[in-house]
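A.B. asks: model this:
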Amino acid sequence: MRFRFCLDQLKLEVVRTYHDKDVISIEALKEFLKEHEDEIICVGCGQPLSSAPWRIEQYPHDRGVRVKEFGGDKRWVYIQHEDYCNYQMALWKMENRLLKTNRELFREYVKKVYGGIDSVE
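C.D. replies: Next up is the predicted model:
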């Protein structure tokens with residue numbers, strides 16, 4: 001149990017490090033999600049994003065990610081899975097699920113959306 005807790009904390013720190021230091025691009029996020037909507041699973045309903053229309057939403061938030069399109073201001077970014085479950089999947093939840101289930105896709109995501117991280121283990 002202790003090992004699992006430590007591993008989960010490490011994963012959280014990896015994602016948090018990107019959020020604190022790097023600026024994401026909403027446009028790059030949209031492109032990535034379009035390319036991989038069959039592989040990205042909604043946290044709310046467990047279905048791939050491709051099962052229903054989706055959109056990216058955001059609003060100002062001190063604990064959000066820095067967003068290029070808003071001059072690096074922190075925004076809470078989420079993906080809304082419309083017409084199916086209407087769940088608002090926070091960006092960190094999608095990242096956490098990717099990190100746990102598809103590490104290779106997570107690496108690709110970080111390189112594309114965060115502008116490239118040299119080493120994601």
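A.B. asks: contacts for the top strand by length along the chain next, please.
C.D. replies: For the chain, the longest strand by residue count, based on DSSP state E, is strand 54-67. Residues outside strand 54-67 that contact it (C-beta atoms under 8 Å, 6 or more residues apart in numbering) are 18-19, 22-26, 29-30, 33, 37, 70, 72-82, 88, 91. From N, CA and C alone the C-beta is placed, and that goes for glycine too.
A.B. asks: select from these every entry located in strands.
C.D. replies: Counting by DSSP E, the contacts of strand 54-67 place 23-24, 74-81, 88 in strands.
A.B. asks: just the helices in this structure please.
C.D. replies: 2-21, 26-35, 91-101, 103-113 (DSSP state H).
A.B. asks: what's the third one packed up against?
C.D. replies: Okay, so that is helix 91-101. If contacts are counted by 3 or more C-beta pairs under 8 Å, 6 or more residues apart in numbering; DSSP states H and E, helix 91-101 sits against helix 2-21, strand 74-81, helix 103-113.
A.B. asks: looking at these, which has the lowest confidence?
C.D. replies: For the helices and strands packed on helix 91-101, mean pLDDT drops lowest on helix 2-21, to a mean of 52.
A.B. asks: rewinding a little: among the ones in strands among the contacts of strand 54-67, which two are most distant?
C.D. replies: 23 and 81 (25.2 Å; C-beta to C-beta).
A.B. asks: the two: which has the busier surroundings?
C.D. replies: residue 81 (24 against 19; other C-beta atoms under 10 Å).
A.B. asks: list the contacts of that one.
C.D. replies: Shown in contact with residue 81 (C-beta under 8 Å, 6+ apart): 42, 44-45, 47, 49, 51-52, 54, 87, 89.
A.B. asks: strands - which of the residues you listed land there?
C.D. replies: Per DSSP E, strands hold the following members of the contacts of residue 81: 54, 89.
A.B. asks: are any of the contacts of residue 81 buried, and if so which?
C.D. replies: 42, 49, 51-52, 54, 87, 89 (16 or more other C-beta atoms under 10 Å).
A.B. asks: out of those, the closest to residue 114 would be?
C.D. replies: residue 89 (18.0 Å).
A.B. asks: show me what contacts the closest one?
C.D. replies: 42-44, 78-81.
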